[in-house]
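Visitor: Using only what follows, build the 3D model:
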Amino acid sequence: MRGEDRRTGTLFSYVDLESRVRADHPLRAIREVVNAALGAMSSDFEALYSRLGRPGIAPERLLRALLLQCFYSVRSERQLMERLEFDLLFRWFVGLGVDDPVWDASVFSKNRDRLLAGEVAQRFLAELLALPEVRRLLSSEHFSVDGTLLQAWASLKSFRRKDGEDEPPGPGRNGERDFRGEKRSNATHASTTDPDARLYRKGSGQPAELCYIGHALMENRNGLIVGGVATRATGDAEPLAAIELVKAVAGSRRVTLGADKAYDTANFVLECREENVTPHVAQNITTTRGSRIDARTTRHPGYAVSLRIRKRIEEGFGWTKEIAGLAQVKLRGLARVDCAFVLGLAAYNLVRLPKLLAEASP
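Guide: Sure, this is the predicted structure:
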């Protein structure tokens, strides 16, 4: 019998969100891990909020919503609020009931900025990795580090002279500007849209863009990200950030650190050895210079293994930029970019954890 194509409304609706999400949905395992990490951060959240005034958005719900934005490639927070309005799966993951109102996008953004003061993204990543079921998946001896460019939410037309003596763009909302023959550098110019962005090129033959650099530290056993930070794009940003990241995991026991040729510098190799870190850096040998890595390091079989495994860090960068939408960050200012980048790295770990936890379970 043919069914009727007719919409019938009811006065009351009894919808159990828990029953609408299938038992084997990947978000179930992810939500359990997320809730465990957020539970350990309760005291940190208390310090960010006053005991007086009207209650704001619960920070736990705020972070769950931001993670969904990474998981499902939602382009903006306004679209995220629209999706929360009608998507039962999103409501279940965030913790909203069917009849609960969804927040206004501007209110959501203002509450998100509150988390910047407490470095909540960095703390969330640390608490996630500290969970007993996650900690046993991590290597404590072998790591890899790398950096990637994050294009800033600013146009090259906004890169103007700091003294204001350059010619203004043409008339109109998006007036043309001719840069031919004009020498521009970060010393004399700055973006009027995002002052923290820097004009930078990754290598010779590559275009110069207004961007930041995102740095990540990966453990080599399962390829999970154990540290991350975003910095201004400068020539020495990668080795400096790598040293700070590896300090957090290096201790009395010697560890190894894999990296590409860009890290084959005298200062970086020396600082690694001072921190009890063996630099497994790819040798950068040219006609004018030799490598800072000699046979003391390359003769060991572990050196070749580190150089092979270190490339897995690009998988994390690729997911964060293509799926989480950070190829061009839609936020301005270093603090906001750093928070979004670290949260994207945490989301990458969460996507991979259900399968890794299932394989590790007895």
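Visitor: The stretch 51-200 of the chain: strands as residue ranges?
Guide: Assigned strands in the stretch 51-200 of the chain, in chain order: 142-151, 159-161, 189-191, 198-200 (criterion: DSSP state E, counting those that start in this stretch).
Visitor: Show me what the first one is packed up against.
Guide: Secondary structure elements in contact with strand 142-151, counted by 3 or more C-beta pairs under 8 Å, 6 or more residues apart in numbering; DSSP states H and E, are strand 209-219, helix 237-247, strand 255-259, helix 301-309, helix 313-322. For glycine as for every other residue, the C-beta is placed from the backbone atoms N, C-alpha and C.
Visitor: Next, the buried residues of it.
Guide: Neighbour-count burial for strand 142-151 flags 142, 143, 144, 145, 146, 147, 148, 149, 150 (criterion: 16 or more other C-beta atoms under 10 Å).
Visitor: Ok, stretch 350-362 next?
Guide: Result for stretch 350-362 [16+ other C-beta under 10 Å]: buried residues 350, 351, 352, 353, 354, 356, 357.
Visitor: of all those residues, which two lie farthest apart?
Guide: Maximum pairwise distance among the buried residues of stretch 350-362 (C-beta to C-beta): 12.2 Å, between 351 and 357.
Visitor: related to what we said a few turns ago, return the member of the buried residues of stretch 350-362 nearest to residue 285.
Guide: Using C-beta to C-beta, those come closest to residue 285 at residue 352, 35.2 Å.
Visitor: Using TSV, lay out the strands of the stretch 51-200 of the chain together with mean pLDDT and distance to residue 130.
Guide: Below are these laid out as TSV (pLDDT from 0 to 100; distance: least, C-beta to C-beta, whole Å):
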stretch	mean pLDDT	distance to residue 130
strand 142-151	96	17
strand 159-161	87	42
strand 189-191	91	38
strand 198-200	94	34
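Visitor: Can you report how many residues lie near residue 98?
Guide: 13 (other C-beta atoms under 10 Å).
Visitor: Residue 326 too?
Guide: 26.
Visitor: same thing with the one 5 residues further on?
Guide: Each residue near residue 331 was counted by other C-beta under 10 Å, and the total is 19.
Visitor: on that earlier part again, could you dump the strands of the stretch 51-200 of the chain to CSV with distance to residue 234?
Guide: Below are the strands of the stretch 51-200 of the chain laid out as CSV (distance: least, C-beta to C-beta, whole Å):
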stretch, distance to residue 234
strand 142-151, 11
strand 159-161, 16
strand 189-191, 14
strand 198-200, 7
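Visitor: wait, which of those strands is closest to residue 95?
Guide: Per C-beta to C-beta, nearest to residue 95 of the strands of the stretch 51-200 of the chain: strand 142-151, 30.0 Å.
Visitor: angle of the closest one against helix 313-322?
Guide: Put simply, strand 142-151 runs at 30 degrees to helix 313-322, going by axes from the mean of the first three to the mean of the last three C-alpha atoms, to 10 degrees.
Visitor: can I get the CA coordinates of strand 142-151 in PDB?
Guide: Listed in PDB are the C-alpha atoms of strand 142-151, where the atom choice follows Å, rounded to 0.1, in the frame of the first residue of the first chain:
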ATOM      1  CA  HIS A 142      60.200   8.800  20.500                       C
ATOM      2  CA  PHE A 143      58.600  12.000  19.000                       C
ATOM      3  CA  SER A 144      58.500  14.000  15.800                       C
ATOM      4  CA  VAL A 145      58.000  17.700  15.300                       C
ATOM      5  CA  ASP A 146      57.000  19.900  12.300                       C
ATOM      6  CA  GLY A 147      55.300  23.100  11.300                       C
ATOM      7  CA  THR A 148      52.800  24.200   8.800                       C
ATOM      8  CA  LEU A 149      51.600  27.500   7.400                       C
ATOM      9  CA  LEU A 150      48.100  28.800   8.400                       C
ATOM     10  CA  GLN A 151      46.900  31.400   6.100                       C
END
